[in-house]
Structures are given as structure tokens and as C-alpha cells.
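Novice: Can you look at this prediction? I've put the sequence above it.
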Amino acid sequence: MKEKFIRFMQGRYGIDQLSKFLLVVGLIFVLVSAFLGNSVIGLLLYLLGWVFVIYCYVRAFSRNVSKRYSQNQSFLTKTYGIRSFFQKQKNIWSQRRMYHIYTCPTCKQKIRIPRGKGKIEVRCPKCGTTFIKKS
């Protein structure tokens, strides 16, 4: 069965970031519409959710690889700011256990200081300002 699916998918585009986004948004719309019931907004969200899910699969099974690739690249360039913001926040939260992250009072440069060193004098690598912080 796995070999048949692999043969079927040869020459097709497959799943990319835009398809994943469409699938998640579509499923969220369908779930929200379940809570709204049979109202007009609920039905519209339900239909829109299924349109997103179906379009996700149409993209995945498409043989027009160059067009799907350009659509995905356009999506990635438009969402770069949002994705990089969340990636930075994820990185900061992963470092919180071992480091304090302070901001320089003059130039607003972020400085990473190891935890557990007591009160230390911090020198900003960008502007040279020194200030005392507790690590």
C-alpha cells in the first residue's frame, strides 16, 4: 500500500507550509462553526473551513509544481515578519532557564547574562555602557 501511494505521489507537489497553514485554518474554522451552531456565521465558517481543507489537498495533489512553489514562496515572504517574531520568542523562552536577558538602557541592545552569578557589572558590547544587574 505504501508503494502504491509513493507511486501515486510521484510528480505531484505534496505538502508545504502554505498547505499546512490552510489545513490548520480550515480545521479551526470547522471547529469554531460547531460551537456557533446553525447560525449564518456558523454555516459560513463551516463552508469556508471545508473550502480551505479541500484547497489544501488540491495543492498537495497538483502536478503544476512550479506554480505551487511560487505560491508557497509568496506566502513565506508575506509571513516572514510574523514567523520570525514567534521564532525569536521561542528562542528567548528556551534560554530563560540558563540566562537572564537584559536590555541596554542607552541603545536597547539585548544582552544575555548567565544566571546565578549574583550582582554583576554588565558592559554593553554595542555602545560600551556599563550597568549593574542581578543575575
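Specialist: The structure has been received and is ready for your questions.
Novice: going forward, measure contacts between C-alpha atoms and count neighbours the same way
Specialist: Noted.
Novice: So for this structure, the centremost residue is which one?
Specialist: Geometric centre of the chain, nearest residue: R83, 4.5 Å, by Cα atoms, centre = their mean.
Novice: any idea which element that residue lies in?
Specialist: helix 80-95 (DSSP states H and E).
Novice: Need the residues that contact the helix or strand following that helix.
Specialist: The helix or strand immediately downstream of helix 80-95 is strand 99-103, counting by DSSP H and E. With contact meaning Cα atoms under 8 Å, 6 or more residues apart in numbering, strand 99-103 is reached by 109-115, 135.
Novice: what's the closest of the residues you listed to L47?
Specialist: Within the contacts of strand 99-103, proximity to L47 (Cα to Cα) peaks at K110, which comes in at 45.8 Å.
Novice: what about the helix holding R83, average pLDDT?
Specialist: For helix 80-95, mean pLDDT is 92.
Novice: Please apply the same query to stretch 62-77.
Specialist: 93.
Novice: quick revisit: select, from the contacts of strand 99-103, the two members most distant in space.
Specialist: Q109 and R115 (18.6 Å).
Novice: thinking again about what came up before, among the contacts of strand 99-103, name the buried ones.
Specialist: The neighbour count (16 or more other Cα atoms under 10 Å) marks 111-113, 135 as buried among the contacts of strand 99-103.
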